[in-house]
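Asks: here's my sequence, what's the structure:
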Amino acid sequence: MKHKRHKFLRVDTNRFSRIGKNRKKLQKWRRPRGKSNKLRLGRAGYSASPKVGFRTSRNESGKVKGLVPKLVHNVNELIALTKDNGAIIARVGARNKLEIIKRADELKIKILNLGGKRQNETGK
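Replies: You can find the predicted model right below:
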């Protein structure tokens, strides 16, 4: 059963740019430690803080988009993957990377770390 993952944010991320306002990269969880901090006290109307009950279930843990990630260095390692695996291309050269991408399309294996808009094989 899939659950929506909770986004835990530190206090005032929506207020100051240096701790995350309009800057997703800086929006990280920091435990509130102030004496009268409402988030630490668990007051109603404030966002949730991480607790044991929010843990991902054991059979979903470690998966990326429902697939078990496997590191792939070459085409031979790609062929060994099953349908419940997702490929993560290791640090390889451009020629080898294109080869892996092309073969993954043929085998219908999802590559999890392509990133950005995908270009065609010629690089245009």
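Asks: if I look at the residue nearest to the spatial centre of the chain, how far off is residue 92?
Replies: Closest to where the C-alpha atoms of the chain average out (CA atoms, centre = their mean) is residue 64, at 6.7 Å. Relative to residue 92, residue 64 is positioned 19 Å away (CB to CB, to the nearest Å). Where C-beta positions appear, they are placed from N, C-alpha and C, glycine not excepted.
Asks: show me where this protein has its helices.
Replies: 38-41, 75-79, 94-107 (DSSP state H).
Asks: for residue 17, which of the ones you listed is the nearest?
Replies: With distances scored as CB to CB, the stretch of the helices of the chain nearest to residue 17 is helix 38-41 (19.6 Å).
Asks: list the buried ones in that closest one?
Replies: Using 16 or more other CB atoms under 10 Å as the test for burial, helix 38-41 gives residue 39.
Asks: where does this structure dip in pLDDT?
Replies: The chain contains residues with pLDDT under 70 at 1-3, 116-124.
Asks: swap in 90 and give it another go.
Replies: 1-7, 47, 53-57, 60, 83, 115-124 (pLDDT under 90).
Asks: tell me the domain ranges of it?
Replies: Annotated domains of the chain cover 1-61, 62-124 [automatic domain parsing].
Asks: and those domains, which is most packed in?
Replies: The highest mean neighbour count among these, using mean count of other CB atoms under 10 Å, belongs to domain 62-124: a mean of 13.
Asks: in JSON lines: the helices of the chain, plus distance to residue 27.
Replies: What follows is the helices of the chain, written out as JSON lines (distance: least, CB to CB, whole Å):
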{"stretch": "helix 38-41", "distance to residue 27": "15"}
{"stretch": "helix 75-79", "distance to residue 27": "35"}
{"stretch": "helix 94-107", "distance to residue 27": "31"}
